[in-house]
Every structure is written in C-alpha cells, then in structure tokens.
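Enquirer: Below are the sequence and a predicted model; questions follow.
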Amino acid sequence: MTRHNTPLIAVAHGSRDPRAATTVEALLRRVRRARPGLAVRAAYLDHSVPTLGQALKGLDEAVVLPLLLTAAFHSKVDIPTALHEAELGTPLRRVHYGPTLGPHPLLVRALERRLEEAGVLVGDPSTAVVLVSAGSSDPAANATIAAMARDWSAERGWWSVTPAYASAASPSPEQEVTRLLRSGAPRVVVAPYLLAPGYFSDKVRRATLAAGATSVADVLGDAPEVAAVLLERHHQALPVLAPR
C-alpha cells in the first residue's frame, strides 16, 4: 500500500433518518470510483454503524476525516474523543486526522450545481440567495458561514447572498427570506449548506417556501465537488515524507 492509498475513514454525525446514511454511502461510492484502489469506509458518531472504532478495526494506518461542513463541536471534540478511545486498544496505530470539508471553493460550486438543478440561474442579479447552514453554538462556525456568504456575493452578480441558520443561531431561514422580500428582493432562493437530507433539510424547505422563497435547492449530497474535496482533504492529512 502506498501512502497515496492510505485508507480513508469518513466520519459523519449520523441520523435517525435513513436517508442520511444512504447519502453518505452514495458520496463514498463516488469517491471510490474517482480513486480505485483507495479503501474508503464510513463511520458515524451516533444513530448508525459502524462506529469510528469499528471502522478502524484491522487497519495499521488510516486517514480520519470529519464528514462535516464546518469546524465546530463535533470535529473539535466528539471525533477526537472517539478517536482517542479507539486508539487506546491499538496504541501503535498511525492515524492522521484531517480537517472538515469546508470551507472550500468547490463546495460553493456544489451549491451552485444544486441551485441550477432547481432551475435557478447562477449569478442572476434579480435573485437573492439565503445560504442556510445547520447552525452551531460555536460562534466561529457561524462566522465561517457568514464569510462564505460575503465571498459568494462578491464573486457572483446575485442581488445578495446572506447567511441563515437552521438552529442555535439567528436569523432563521424563514426570517431571512421574509426580511429580503420586505427589503425589495425580486426573488429569493434558498441554498442549503447541508450534506444530507433529514430533519433540518425538511424543516428548511417547508418553512422557507411558506415564507415566500421561490425555490429551495437540494442538499449537497453526493455532488462530485464534495467527493473532490474529500479526496483533497485525504491528501492534505497525510504527512509529507522527506526526500531520501
């Protein structure tokens, strides 16, 4: 096995909604197709199996990547804790812990892909975009989403791009849709910065359409851009070997 093919363990939060695990597996199948010969396994913090310890079983070396879009409590505390517990039984195992998927420019391209699939013209100056994340109690994570919205707005010709949060922070997606319409935006669309379908994505869709959004894009799911970011993070997590 070359270092290029060090097994990849993608750790998702997990959900009671079976669509979430189905989406994770679809994404990892895309990663496998892009990199034949790379062993790719899923692991979950909750609600689904395998656990991180189970996914690492039998491996002497692995790259562990948070299948998360922003760095917050799960990537900073939960996964490192699970990793520490898994390593107690195999202290000689070499594990390389990489960064979260986002932020990354390719994820913005994935958001645009989903908007286009929903019939939205990317960069339309008469369209305001609400960028919706799950939200976090970590202010830095929410600030990351706000920065993404500012950068995306500056890059494209949208009416505006503004952040909203499905939980733990404000504004809520429906509040932001309402505010934009009242402020004169001709059209408001919603771009969920969510990896998989589930409670949040369903709630966001219902609430924002009721508030007057023209359309709501699908979650990122197994977009090819997400798979490309996962492979890039895998490469970044591997230590650089000094030349002989």
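Expert: Structure's in. What do you need?

Enquirer: for this protein, which spans come out with low pLDDT?
Expert: 1-3, 91-92, 241-244 (pLDDT under 70).

Enquirer: Now do the helices in it.
Expert: Counting by DSSP state H, the chain has helices at residues 18-34, 52-56, 73, 79-88, 105-117, 139-155, 173-182, 199-211, 224-237.

Enquirer: between the ones you listed, which one is nearest to residue 125?
Expert: helix 139-155 (11.3 Å; C-beta to C-beta). Placement of C-beta: from N, CA and C, glycine included.

Enquirer: And the closest one, what's buried?
Expert: By neighbour count on 16 or more other C-beta atoms under 10 Å, the buried set for helix 139-155 is 141, 142, 144, 145, 148, 149, 152, 153.

Enquirer: before we move on, back to that, any chance of the helices of the chain in a markdown table, with distance to residue 161 too?
Expert: Converted to a markdown table, those look like this (distance: least, C-beta to C-beta, whole Å):
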| stretch | distance to residue 161 |
| --- | --- |
| helix 18-34 | 25 |
| helix 52-56 | 35 |
| helix 73 | 26 |
| helix 79-88 | 29 |
| helix 105-117 | 10 |
| helix 139-155 | 4 |
| helix 173-182 | 10 |
| helix 199-211 | 15 |
| helix 224-237 | 18 |
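
Enquirer: quick one, which of those is nearest to residue 9?
Expert: Minimum separation from residue 9 across the helices of the chain (C-beta to C-beta) falls at helix 52-56, 5.0 Å.

Enquirer: Tell me the buried residues in that closest one?
Expert: Residues of helix 52-56 classed as buried by neighbour count (16+ other C-beta under 10 Å): 52, 53, 55, 56.
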